[in-house]
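Undergrad: please find the sequence and the predicted model below.
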Amino acid sequence: MNYHAPVDDIAFALHHAAGLDRALAEGLYPDLSPDLIEAVLTEAGRFASDVIAPLNRIGDQFGTPFKDGTVTTPPGWKAAYTAWAAAGWNGLAAPVEWQGQGLPQALNAACIEMWNAASMAFGIGPVLTMAAVDALADYGSDELKRAYLSKLVTGEWMGTMQLTEPQAGSDVGALRTKAERAPDGSYRLTGSKIFITYGEHDLTDNIIHFVLARLPDAPAGTKGISLFLVPKFLLNGDGSLGKRNDVRAHSIEHKMGIHASPTCTMVYGDDGGAVGYLIGEEHRGMLCMFTMMNRARLAVGLQGVAIAERATQQALAYAKDRRQGRAPGAADGSSPIIDYPDVRRMLLTMRGLTRAARAICYATAVALDRSHLAKEAEARAAGQGRASLLTPVAKAFATDIGVEVASLGVQVHGGMGFIEETGAAQHYRDARIAAIYEGTNGIQAIDLVTRKLPLEDGAVMRAYLKELSEIIERIRTANDPALGAIAERLAEALASLERATQWLLARLKSEPNAALAGATPYLRLFGVTAGGCMLAQEALAAQRLANGADTASRVATARFFAENIAVQAEGLERTITQGADTVVAAFPDAAA
Ligand SMILES: Cc1cc2nc3c(=O)[nH]c(=O)nc-3n(C[C@H](O)[C@H](O)[C@H](O)COP(=O)(O)OP(=O)(O)OC[C@H]3O[C@@H](n4cnc5c(N)ncnc54)[C@H](O)[C@@H]3O)c2cc1C
């Protein structure tokens, strides 16, 4: 079954849950009209549904054959990528002076969801190029920007992001790839990287690698890492492609999912050293890489939303079509399985989790826009704080639910879900990687608890909690029976989140292992509470706009989420505050 971009749903989430309407009213986006937003989303939806989505299955089956150091992308992929880049999609949120369109990250986030719902293997390549654009625009020298930035913005060349080595995965500071200073001011890189997404391919004439390496006099750990731009082909003086650089793909991985995204082992310096150019300052590469990683983390979160949306669409269609038995109270004949409460529960869970994760990801993008575009320094700082707080939640909550929703999608199909022919299995296989790459979800949870909660002495988190409590208050004062127990259940969830936050903050220094043991359940608690509040906000907005079936569906989703999913908050709180002892004490023999 193919993908139909849910443009109305996406626009609704942007406007009413993520805060785009408020940002528009405040003048954050002076050049952005409602017509422009609609036109961009509609056109992106059309491209994603009509051009990219039909390639998803071909990509899964064909993979990316590797021969003599080259990768062949599946039939139709190069034409689709070229058309996609020519339409300007790669540079949607990139600076106008480098041939981008200067549109908000919020709008780009919505488009990233659609590219990835159409095909995660297709979407992940541009995600990395866009992240590379941000790092180069923020930290590159003028000379490097002139030579490379416009081509990356337009997508004429693609970018890669290279951290991982066999001994350096989550522990980036352990990387060993070497960089040495050359007399002409450039550097020579030797070493190897593994698991590099789109490290080699035939979609573009040049590939620009963004590589972390260590200088000979570098301090140990992450403080001794520098970031280098290493092009596949060096450039001649006039900017045309020159000779091949000393970097090559040695092999590709055979994976569980995203088969059409080539995952390469890269080798540097077989012939004396790959030419690299420093981005930012020596030994301060992690600073630049964080720009890249934060963008990529949000985008990977959007992959979770994307695959969840696609799996939900497919499961819903199947559940209306497939007939089995007779549902209680049904007339003669067999009933579509959607008539059974257990199947409805699965479908509502899929829809609720998908919409909640979407709202969290889009809200992160609006906060990012605020951090750049707000007029007042204070508002920019608040945007930065909010984006920092929400980024690990957007990444990990959305990709965790991506896996869960895709798994439910298989379940709704019964045995046919396990058979590749339906496509439900591909979504499940594809979804799995997003919880692992760009920093595993465990690492995101640790980032949330140890770095984000303490931001500004807890003030960033307190401001967010206050905002959530205001949403709940609005539901309470609406006093509408149609909203069921939304206000009560969300107030309980918020109280659990507040208590768990206090508990963790109090133990970060004195009992760090106890705090770390609760990091993943805490991130989940954060996600279900924030997601529940955002869905409630959507329900209120839908009631205000009173547009019939859509209002009913949004109220039902918000109610289901509050009454069936947000109620997990109390259990999660208990896990965090009362469950750490056994975790910390477990496997005593295994201690190093
Ligand atoms: C398909 C694919 C594409 C990829 N693309 C890229 C790419 O383009 N560029 C790139 O640089 N990398 C890429 N990666 C690598 C990816 O980012 C890493 O696999 C990931 O960061 C995890 O590192 P690891 O595999 O070494 O696992 P490990 O770090 O060994 O982790 C194993 C487990 O231990 C946990 N763990 C590790 N350290 C800690 C800790 N301190 N505290 C708590 N738990 C911990 C992890 O959460 C995980 O559950 C890709 C990987 C894959 C599979």
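TA: The structure has been received and is ready for your questions. Everything numeric in this text was worked out from a predicted model, so none of it was measured. Residues are numbered from 1 along each chain as shown.
Undergrad: show me the domain layout of this structure.
TA: Per automatic domain parsing, the structural domains of the chain span 7-154, 158-285, 455-586.
Undergrad: residue contacts, the closest residue to the ligand within the stretch 201-350 of the chain?
TA: Distance from the ligand to each residue of the stretch 201-350 of the chain (Cβ to the nearest ligand atom) is smallest for residue 263, at 4.4 Å. C-beta coordinates here come from the backbone N, C-alpha and C atoms, glycine included. When the contact criterion is Cβ atoms under 8 Å, 6 or more residues apart in numbering, the partners of residue 263 are 195-197, 199, 252-253, 255.
Undergrad: of the residues you listed, which are in range of the ligand?
TA: 195-197, 255 (Cβ under 6 Å from any ligand atom).
Undergrad: from the chain's centroid, how far away is the host helix or strand of residue 506?
TA: Element membership for residue 506 (DSSP states H and E) is helix 486-507. Centroid separation for helix 486-507 versus its chain: 25 Å, with Cα atoms, centre = their mean, to the nearest Å.
Undergrad: taking the mean pLDDT, what do you get for it?
TA: Across helix 486-507, pLDDT averages out at 98.
Undergrad: buried set for that helix?
TA: Neighbour-count burial for helix 486-507, counted by 16 or more other Cβ atoms under 10 Å, picks out 486-487, 489-494, 496-498, 500-501, 503-505, 507.
Undergrad: stretch 65-84 now?
TA: 66, 71-74, 77, 80-81, 84.
Undergrad: now those in JSON lines, with distance to residue 408, secondary structure and pLDDT?
TA: Putting those into JSON lines (distance: Cβ to Cβ, whole Å; DSSP: H, G, I helix; E, B strand; the rest coil; pLDDT from 0 to 100) gives the following:
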{"residue": "66", "distance to residue 408": "34", "secondary structure": "strand", "pLDDT": "98"}
{"residue": "71", "distance to residue 408": "34", "secondary structure": "strand", "pLDDT": "98"}
{"residue": "72", "distance to residue 408": "35", "secondary structure": "coil", "pLDDT": "98"}
{"residue": "73", "distance to residue 408": "31", "secondary structure": "coil", "pLDDT": "98"}
{"residue": "74", "distance to residue 408": "28", "secondary structure": "coil", "pLDDT": "98"}
{"residue": "77", "distance to residue 408": "29", "secondary structure": "helix", "pLDDT": "98"}
{"residue": "80", "distance to residue 408": "29", "secondary structure": "helix", "pLDDT": "98"}
{"residue": "81", "distance to residue 408": "31", "secondary structure": "helix", "pLDDT": "98"}
{"residue": "84", "distance to residue 408": "30", "secondary structure": "helix", "pLDDT": "98"}
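Undergrad: reformat those as a markdown table; add distance to the ligand.
TA: Formatted as a markdown table, the buried residues of stretch 65-84 follow (distance: Cβ to the nearest ligand atom, whole Å):
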| residue | distance to the ligand |
| --- | --- |
| 66 | 14 |
| 71 | 14 |
| 72 | 18 |
| 73 | 16 |
| 74 | 17 |
| 77 | 17 |
| 80 | 21 |
| 81 | 17 |
| 84 | 20 |
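Undergrad: pLDDT below threshold where in the stretch 51-200 of the chain?
TA: Nowhere does the stretch 51-200 of the chain drop to pLDDT under 70.
Undergrad: same question for the stretch 351-500 of the chain.
TA: Applying pLDDT under 70 to the stretch 351-500 of the chain flags no residue at all.
Undergrad: for the ligand, what are the nearby residues on it?
TA: Checking the stretch 351-500 of the chain against the ligand by Cβ under 6 Å from any ligand atom, the hits are 433, 436-437, 439-440, 442-443, 446.
Undergrad: most surrounded residue in those residues?
TA: Counting neighbours by other Cβ atoms under 10 Å, the top entry in these is residue 433, with 24 neighbours.
Undergrad: residues in contact with it?
TA: Here residue 433 is in contact with 255-258 (criterion: Cβ under 8 Å, 6+ apart).
Undergrad: separate out the buried members of those.
TA: Buried, going by 16+ other Cβ under 10 Å: 255, 257-258, out of these.
Undergrad: got JSON lines for those, with pLDDT and distance to residue 318 too?
TA: Listed next are the buried ones among the contacts of residue 433 as JSON lines, based on pLDDT from 0 to 100; distance: Cβ to Cβ, whole Å:
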{"residue": "255", "pLDDT": "98", "distance to residue 318": "26"}
{"residue": "257", "pLDDT": "98", "distance to residue 318": "20"}
{"residue": "258", "pLDDT": "98", "distance to residue 318": "23"}
